[in-house]
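In: Here is the input, now give the coordinates:
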Amino acid sequence: HLNLPSSDILLCLLGHDDKPLGESDQAFASIQDNEHLMNVLTDIEARMQGVGNSFSLKDVFCASLRLIKLWAYNRGVYGAKFGFLGGGSWAIFLAYVMKSIIPEQEEAMLAGTASLSDAAHFLTLAFFGEASRWPWPRPISFGSCEIENQYALLQPRLAVLSPSLNSNLAKNSTMSTCLSTAAELRRASALGNGVIQNDNHVACLSTMLAPLRLQEFIASSPEIIALELSYDNEESLPSRHLP
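Out: Residues are numbered from 1 along each chain as shown. This next block holds a predicted model:
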């Protein structure tokens, strides 16, 4: 077996005019969004004058994004089709926080980290500290204030705008998914509060990334709808429901 890193392959078909063909519009937008984020990271790294001798800011970004996506999945707040933020939205959110919100003193601490893992842990904890205070429905956007103002009167909902299309990647979000995401961000921030400046970040991240337990979900949900299905006998049970 080859010990190779996992990777995602995104296929986009372009015509002679370099425009996407068929159903490749979304894939093409994702590629353009990724290029925009890489340019943002290049600008931040130039401002910081490097984050370490053996790794780049893009390496730190990717490692931190993996932790954030794992956290979101484990805590039940991941997936655009379920009304939460998907992988692309979390990437845009992280890059936005790195560019616009993280204070200069934290950038200096990030630049002084000794290893990639330490830098990724630091960035992840700093992200949760800032993201937990985000005033939804104000969108995460690299665009103009005019675009942001379109969301000002909406009910609380998630809004992360694609840099290439200025469309909301979290268009399936609801008030419930927004409140759930905000609550989980506050939990992560509270766990990481004060940890950045000491050596307890590994233990903190382990607790932070712990999967959501059923008891936690029930305790955090004021209203729960339970569906119970019953059948007269096993013969009437649809085959797809059998173990």
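
In: Confidence-wise, which helix or strand of this structure is lowest on average?
Out: Using mean pLDDT, DSSP states H and E, helix 145-149 stands out as the lowest-scoring helix or strand of the chain, at a mean of 62.

In: Quick one: mean pLDDT over whichever helix or strand comes after that one.
Out: Scanning the chain past helix 145-149 towards its C-terminal end, the next helix or strand to appear is helix 175-192 (assignment: DSSP states H and E). Per-residue pLDDT values across helix 175-192 average out to 92.

In: Could you check how far the residue most central in space within the chain is from residue 226?
Out: A centroid search over the chain (Cα atoms, centre = their mean) returns residue 90, at 2.2 Å, as the residue closest to the centre. Distance of residue 90 to residue 226, computed by Cβ to Cβ, to the nearest Å: 30 Å. Where C-beta positions appear, they are placed from N, C-alpha and C, glycine not excepted.

In: Same check on residue 187?
Out: Using Cβ to Cβ, residue 187 is found at 24 Å from residue 226.

In: the more surrounded of these two?
Out: Comparing residue 187 with residue 226 by neighbour count (other Cβ atoms under 10 Å), the higher total belongs to residue 187, at 18 against 4.

In: Contacts only, for the more buried one.
Out: Contacts for residue 187 were tallied using Cβ atoms under 8 Å, 6 or more residues apart in numbering; they are 75, 208.

In: Residue 83 versus that one, what's the distance?
Out: 19 Å.

In: so how many other residues sit close to the residue nearest to residue 141 when sequence neighbours are not counted?
Out: When the adjacent residues along the chain are set aside, residue 141 lies closest to residue 161, with 4.2 Å between them (Cβ to Cβ, 6 or more residues apart in numbering). For residue 161, the tally of surrounding residues (other Cβ under 10 Å) stands at 24.

In: how far away is residue 161 from residue 167?
Out: The span separating residue 161 from residue 167 equals 7 Å under the rule Cβ to Cβ.

In: Could you count how many residues lie near residue 43?
Out: A count of nearby residues for residue 43, using other Cβ under 10 Å, gives 12.
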